[in-house]
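Enquirer: Requesting a structural model of the entry that follows:
(chains A and B)
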Amino acid sequence: MSSACHRDQFPSLRLLLLAMFALLSWGNEGFAQRDLKNIPVPDPAEELKSLEVADGFEINLFAADPLIHKPIQMNFDAQGRLWAAASEIYPQIEPGKVANDKILVLEDTNADGQADKTTVFADGLLIPTAVIPGDGGAYVANSTELVHFKDTNGDGKADESRVILSGFGTEDTHHILHTFRWGFDGLLYMNQSIYIHSHIETPFGVRRLNAGGIWQYRPPTGQLEVFARGWVNTWGHHFDRYGQSFATDGAGGEGINFVVPGASYPTAANSPRILHGLNPGSPKHCGLEVVDGRHLPDDWQGDLITNDFRGHRVCRFKLTPEGTGYVSKPMPDLVRTNHVAFRPIDIKQGPDGAIYIADWYNPIIQHGEVDFRDPRRDHTHGRIWRVTAKGRPLVKTPALQSLSSAELVALLTAPEQFTRQQAKLVLREKPRSEVIAALEKHAASLPAEDPLKNDWLLESLWVRVAHQAPDFKTCELLMNSSDYRLRAATVRVLGHWHQNLNSESPVMVKLLQLAKDPHSQVRMEVVRTLSAVGTADAARAVLNVAAEPMDEFLEYAVWLSANELAPVWHAAVLHGKWSPGDQATSPGIAKSSIEPWLYGIKATKAVQLIPVLVQWLQAGKIPEAEIASTMEIIGTLGGPPQLSLVLNAAIDQTTQATQRSILLEALAGAKKSRDIQPAGNLEKIAPFVQSKELREQLVAVELAGLWKQAQLAGEIRQLASDRNRDVNLRVAAVQALARLGGTENQTLLEQLSKPSEKVADAAVVNETDGVRLAAIRGLMVSASEAASQASALWLAEGPAPDVVSELLQTFLREKGGAVLLAKSLVTVKLSEDTAKLALRSVTGSGREEPQLQAALRESGHLGSGPKVWSTEELESILKKVSTEGNAARGEQVFRRAELACMKCHAIGGAGGAVGPDLVSIGASAQLDYLLDSMVTPNKQVKENYNTVILALADGRVQSGIVTRKSASEIVLRDANDVEVVVPVKEIEEQSAGTSLMPAGLADGLTQTELADLITFLSQLGKIGPYAPPSGKYAMRWEVLVPTDPAWTKLYRTSDTELLRQGQGLEWKTAYSQVNGALPLADLPAFRTRDRLAEKARQVMFLKTTATVTTAGEVVLSLNDPAGVEIWIDGESIPQAQIVRKSLGAGNHVIHLAIDLQKRTNEVRLELAAEKGAQAKWQIKP
Amino acid sequence: MPNAPICFWRTSAGVLAFLLVVGFLAQASVAVAAEAPVSSQQATLSSTDRLVWIGPTWVEQDVRTGAMEAELQSRLGGETFVLRNLGWSGDTVWAESRGIFDPPAAGYSRMLELAKELKPTTIWLSYGANESWAGPAGLEKFVSQYKKLAHDLTSSTGARIVFVTPFAFVHSQGQYRDPSSQNGHLALYVEAIHKLAAEQQAPVMDLFAEVKGEPPLESMNGIHLEPEGERRLARRLADQIQFVNAEGQALKGLKLTKAEQEELRKAIVAKNTLFFHRWRPQNITYLTGFRKHEQGNNAVEIAQFDPLVDEVEKAIAAWLKSHQTKTTSPATN
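Expert: Below is the predicted model of the structure:
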């Protein structure tokens, strides 16, 4: 576009600016003289000494400064030269400084494994974050633009530049366009991160991507599409041998992501549903390479390698196919070190089969948390490391760039992906006719018995995708292959060529038939390709897939395609062209049963199809077995006339109680979420208010309130006041009364909002607390002052922590609520603890409420606000960290209940998800940053953890961290780790909030305790006892709370029965330490209070869940079997240190009973596969 | 001196030499001949104008090529006007590219605010191409929003509005998809822009209409131009403008050598680049956005680009002044 073929534009501009810079003085000297801490000597030899490499491998320095500085991305060309994008300006250009970042080309001319030549291919760039050679030059990400540079005179330096695409956002310079990859299909894949908003004009129209994602670009035609959406920083993307895509996220914690084309992943904007990565709780990764070839050992073939740049590690994962997707298993690290400046950020396999690692070399990463101008930022160094397998010969790659098409096509099944891929890229740039002729000739020469023949044919299809030269004969052949990977890949190829097919073509018929392929990955590809085909029959085949069982990835693909195709198939249904049981016009599509329709209507929330569904229902086209689910859909989506049908069905005497409850709940949902109620007489609900079935009665009472059935108020008041009734029913009754309003109801609410029973044990939520809370909330609607006074009085009683939090939230949720409560607090005195808990709730809302905060401090005698730490105090703490900090003691501080760290922060997925996972925080953050975050949490907030405050149309205020967003709703995670869905149409105003981390958390800690805590955090992710553990341990536990009902059950039944029934029990979450061990000391236990000696027990019950994805034999091992009894899925297992058990796919609950008279030491439970067994599982943190 | 690169003026010796030459030239310069009065429906540019140019990619691209601005600046007989380019890739009359973390409406308001700060005397609006992908169905909405935009800008800045139509899509070389089949739709939008301009009694510069005897504009991908196409578009644009001095008298264009034009263009690119850092700085998330509590302290740097822009702008003005003798007849080149 901007077509800047201006040979020397950059040098001239530079001269001008350089000259200007010389005239202006910039006072940065003071900056540079600041005292630096923990900055290693930038000597590559020193760094090399610190690198630990996996057994069987060795590492050498391929290049270092001055040959290369600050490499960000690198890619090899067919000649084996290594291209790197390098930026000294990052993170932000300074006024008066010259944008002169570079593209460097490194060569190892004498093949000794060390670069000996660097050429500056292009300069004058502004933070180039990606480079990939191609089309006679190189594509470069230059902030807002994708630029193609060319060297036309062969001197190795670009003399022509052309802006290919422009309009990429630059809201954050480590998010800008990055991670270039030539696809297996000859298309250019490019990624952008979460904060980026891009608006790109193409000859196909304007393309926009307002979030993270992966772009797919076809250089010859200018077609640009979004390949996948989401992630925070998708800094890694590669394909396996059969074209399946994988991605890593430099700020997400889900490890390897299997990419379904077109799908959305965490953080995707406007996506109601998302897919997740394969390694929840994993550290964050940068770069990704699927490795293979003769230089690497056999058990490395097809493995994925990536970098944990925070933890200074190069990691490896092994994938095994499972259903549509894969299981990803972390393997031992390839490289690791405690050298703070080792920042592996890109990784590629080179022409010799060795692994090349770009080391950005910097003690400081990121630029949100650390000042742009922090003098500790390194702007000049950088390294490329090279890892080779000991004793294995290097690969000799031919000079691909000088080979003929005929020679190149013969390399398409070479053992190394480097050769296969680069051969394809060279072919991509050769004349189409020559390439096609070479492919045809080679295909004809391949013997039928060649085991790689079909692999070669697939590669040939990919060459043809790049040349836009369809070959349907080969497609058909491969779609009949016995190897599902070939079928799946071929189906994706058809996505590029379907325009050349009509519904009668054998390939199209085959494609539709493959919607019933036995392998679900093939079905997934079919479903996605059919979305591109875009016909009504394609949609029908997609929906038919939903008639059979689907796994997570396949179901997502069907949901996505059903939605993309919605306009087509909705129209067909509306125009009577489709109905259950009829036959599609295209051959290849199976007759539809009703399930797919129901799935499709639900998946697309097709309100306009509900009348059709009702017609089918009335015409008897819906089989008996599906009537209930049909009704439920109608209840969820229908308008008033259709809801009447549901109501009639619900009250029909022949309807079963459970079914009735489901239908009535759907009606309640329709009123609450859509404000729609059945047309006609609603009094029909009356009899069910006295139902004997609790579930039914609950929803009937709720409906009486929602539908304003004032004639039922008397009955409901009775229910609300009756202490013998179920507490949930009473709460529902109170809520209904609040909805109904009126003096009588309000009087009752006021009574119920007062203490009616003595609060026996303030530490436990009283059974009737729920009723009292509901009454206060009810009063908020009609008499907010009464509610506020009742709350102040209750707070003065010193209620249980949960009650404090609930009360505060009641007021924080309403506009003006905080001020109202503040006024009532003037009249009461609070205990210090209650005031602290209440203040924590205010912080947890992410808002500033100065009046309420002051009132709480005043009435709780807390003094004025969080402690302000002096520079001297902070320095003294940092000094203590280096001299006497103790990580083990620090971990105990971290685990203290009153600090509630684990309520919000996980370590390796074990813990809350409100704040960032701290699994490798120590490896990425400087000590002063850690301390700062602790004492002034608002100073720096990790990306994606900022709160938003939403003011809603009904006067409520909701705040939290946005976890998902779609056109119709925003999902927030609040400070209690609870997800809240807010419909977009209800949002009146949106503003930015503060950190959810409470200020003043550290106030109660001594300097030594703080130093220990910082020491602990600073060790997380570093080599040593606080690195992510290599085994799979149970990290998240539930501990049985000794409530009265639990004690009763413990006396009356056996332990087995107690755990098997499980109802009415209360469990408290606990987390293992970083090393996988769970200390028992402070956990709830049943310590006898009985006088009878024979009943005296001291026992603790623990529960954890393992999710098995592939059935097989697993091994459970305990650190110490003494005093432990084990149940798996309720079945008692003989006591042993090691338990072997065959487990089927699904969730398995493991219970432990610990006899505290026999042991008090920690419990560590590890799960491993029996040697040679197929079993795969994860323990969800 | 006129042949010296502009950047050399930044050295003190250069400045001195420059002052001498300018002094000499000022004495030697002749009064510019008066021409016929300017029609109210024709776009004018005068040496007192501050022009804000708003539009999508093809406007934004002039930030980095400077081709159009160089052509315009060279038509003022050695005088200069001030141009602030607010083009944004992929943008539409709804400011769809300008919302960033907010909805487009917020970006729209920010654009109005910024335009006001820049104190323009005239504003060029260049929308229509991206909107035309919506076809006839989108036409009405486009017109009413374009009208609103023009109105909002006039009422907040008091500047004259000039409509600049998009140029036609062309069938480019290579394998790029041919977007010229969209020209039928684009023509509808151009026609609507003419109508709107007439209604508003605002000048319109038509870049869409075919120029007899001329081949289509050289384009890379059918929607964005090659350097030669850009140069021709610049001339097509400038030819529709009456260039005048502060007194309203028509000015003759400078007759610059290719090397001089190139020098001017590069200086303009330097100025534009600095202004780009000023109004669209990178990392705004941290500087002024929702994470400003982290790096907001560094936002002071944004305004530090202002004096840098002024410096280059002054250098450009002086350079143009020094080339004043090299005038040619008005509105030709």
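
Enquirer: When you work out contacts or count neighbours from here on, use the C-alpha atoms and nothing else.
Expert: Noted.

Enquirer: pLDDT score assigned to residue 174?
Expert: Unless you meant another one, I'm taking chain A. We have a pLDDT of 94 for A:His174.

Enquirer: look at chain B instead
Expert: pLDDT for B:Gly174: 80.

Enquirer: quick one, what contacts it?
Expert: For B:Gly174, the contacting residues are A:Pro220, by Cα atoms under 8 Å, 6 or more residues apart in numbering or on different chains.

Enquirer: Name the helix or strand for it, please.
Expert: Assigned by DSSP states H and E, B:Gly174 falls within no helix or strand.

Enquirer: roughly how far apart are it and A:Pro1028?
Expert: B:Gly174 is 53 Å from A:Pro1028, where distance means Cα to Cα, to the nearest Å.

Enquirer: Kindly report the same for A:Leu457.
Expert: Distance of A:Leu457 to A:Pro1028, given as Cα to Cα: 43 Å.

Enquirer: same deal with A:Lys1049?
Expert: 39 Å.

Enquirer: got the contact list for B:Phe290?
Expert: Applying Cα under 8 Å, 6+ apart, we find B:Phe290 in contact with A:Ala992.

Enquirer: Now do the SS call for it.
Expert: coil (DSSP: H, G, I helix; E, B strand; the rest coil).

Enquirer: Assumed A:Trp385 was part of a helix.
Expert: No: under three-state DSSP, A:Trp385 sits outside any helix and is assigned strand.

Enquirer: Name the spans of the chain whose pLDDT lies under the cut-off.
Expert: Answering for chain A, as no chain was given. Chain A contains residues with pLDDT under 70 at A:1-38, A:590-592, A:756-767, A:864-865, A:898, A:940-944, A:1004, A:1088-1096, A:1169-1181.

Enquirer: wrong one, I was asking about chain B
Expert: B:1-40, B:326-333.

Enquirer: can you map out the strands along the stretch 1-150 of chain A?
Expert: A:52-53, A:57-64, A:71-76, A:82-86, A:101-107, A:117-125, A:128-134, A:137-142, A:145-150 (DSSP state E, counting those that start in this stretch).

Enquirer: And the residue in chain B positioned nearest to chain A, how far from A:Phe168?
Expert: Here chain B gets closest to chain A at one residue, B:Tyr176, 3.8 Å apart by Cα to the nearest Cα. Distance of B:Tyr176 to A:Phe168, given as Cα to Cα: 20 Å.

Enquirer: what about the two, which has more around it?
Expert: Neighbour totals were compared for B:Tyr176 and A:Phe168, and A:Phe168 leads with 25 against 20 (other Cα atoms under 10 Å in any protein chain shown).

Enquirer: List the contacts of the nearest residue to A:Thr234 once chain neighbours are set aside.
Expert: With sequence-adjacent residues excluded and distances taken as Cα to Cα, 6 or more residues apart in numbering or on different chains, A:Thr234 is closest to A:Asp249, at 4.4 Å. Going by Cα under 8 Å, 6+ apart, A:Asp249 touches A:Trp231, A:Val232, A:Asn233, A:Thr234, A:Trp235, A:Gly236, A:Gly255, A:Lys284, A:His285, A:Cys286.

Enquirer: quick one, phi/psi of A:Asp249?
Expert: The phi and psi values for A:Asp249, taken as degrees, to the nearest 10, are phi -130, psi 120.

Enquirer: neighbours around the residue lying closest to A:Ile89 once chain neighbours are set aside, how many?
Expert: Closest residue to A:Ile89 apart from its sequence neighbours, by Cα to Cα, 6+ apart: A:Ile127 at 6.3 Å. Using other Cα under 10 Å, A:Ile127 is surrounded by 26 other residues.

Enquirer: go on, A:His575?
Expert: Neighbours around A:His575, by other Cα under 10 Å: 10.

Enquirer: cool, and the one 5 residues further on?
Expert: Burial measure for A:Pro580: 17 neighbouring residues, criterion other Cα under 10 Å.

Enquirer: Confirm that it sits in a strand.
Expert: No: under the criterion used here (three-state DSSP), A:Pro580 is coil, not part of a strand.

Enquirer: so it makes contact with A:Lys621?
Expert: Yes: applying Cα atoms under 8 Å as the test, A:Pro580 and A:Lys621 come out as touching, 6.9 Å apart.

Enquirer: Which positions in stretch A:838-856 come out as buried?
Expert: Buried residues in stretch A:838-856, defined by neighbour count with 16 or more other Cα atoms under 10 Å in any protein chain shown: A:838-847, A:849, A:852-856.

Enquirer: Most widely separated two among these?
Expert: For the buried residues of stretch A:838-856, the farthest-apart pair by Cα to Cα is A:Gly846 and A:Ala855; their separation is 17.9 Å.

Enquirer: tell me the phi and psi of the closest residue to A:Met479 other than its chain neighbours?
Expert: Nearest non-adjacent residue to A:Met479, counting by Cα to Cα, 6+ apart: A:Arg487, 4.6 Å away. A:Arg487 adopts backbone torsions of phi -60, psi -50, taken as degrees, to the nearest 10.

Enquirer: show me what contacts the residue in chain A that chain B sits nearest to?
Expert: Nearest residue of chain A to chain B: A:Thr221, at 3.8 Å (Cα to the nearest Cα). By Cα under 8 Å, 6+ apart, the contact set of A:Thr221 is B:Gln175, B:Tyr176, B:Arg177.

Enquirer: so is the residue lying closest to the last one once chain neighbours are set aside in a helix, a strand, or just coil?
Expert: Taking Cα to Cα, 6+ apart, and ignoring the residues beside it in sequence, B:Arg177 has A:Thr221 as its nearest neighbour in space, at 5.1 Å. Recorded secondary structure, A:Thr221: coil (three-state DSSP).

Enquirer: and A:Thr221, backbone torsions?
Expert: Dihedral angles of A:Thr221 (phi, psi; degrees, to the nearest 10) stand at phi -100, psi -20.

Enquirer: what do you get for A:Ala1011?
Expert: Here is the backbone geometry of A:Ala1011 (degrees, to the nearest 10): phi -60, psi -40.

Enquirer: what's the burial count for it?
Expert: Residues near A:Ala1011, counting by other Cα under 10 Å: 29.

Enquirer: Next: A:Gln499.
Expert: Look at A:Gln499: counted by other Cα under 10 Å, it has 10 neighbours.

Enquirer: Tell me the spacing between it and A:His295.
Expert: Distance, A:Gln499 to A:His295, using Cα to Cα: 42 Å.

Enquirer: try A:Ala796
Expert: Applying Cα to Cα to A:Ala796 and A:His295 gives a distance of 72 Å.

Enquirer: Give the residue from those two that has the larger number of neighbours.
Expert: A:His295 (23 against 19).

Enquirer: now the more buried one, what's its secondary structure?
Expert: A:His295 ends up coil, using three-state DSSP.

Enquirer: who touches it in this structure?
Expert: By Cα under 8 Å, 6+ apart, the contact list for A:His295 reads A:Asp352, A:Gly353, A:Ala354, A:Thr388, A:Ala389, A:Arg392, A:Pro393, A:Leu394, A:Val395.

Enquirer: Which member of those residues is positioned nearest B:Ala259?
Expert: A:Asp352 (48.1 Å).

Enquirer: Of the contacts of A:His295, grab the buried ones for PyMOL.
Expert: In PyMOL, this line selects whichever of these come out buried by 16+ other Cα under 10 Å:
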select buried, chain A and resi 352+353+354+388+389+394+395
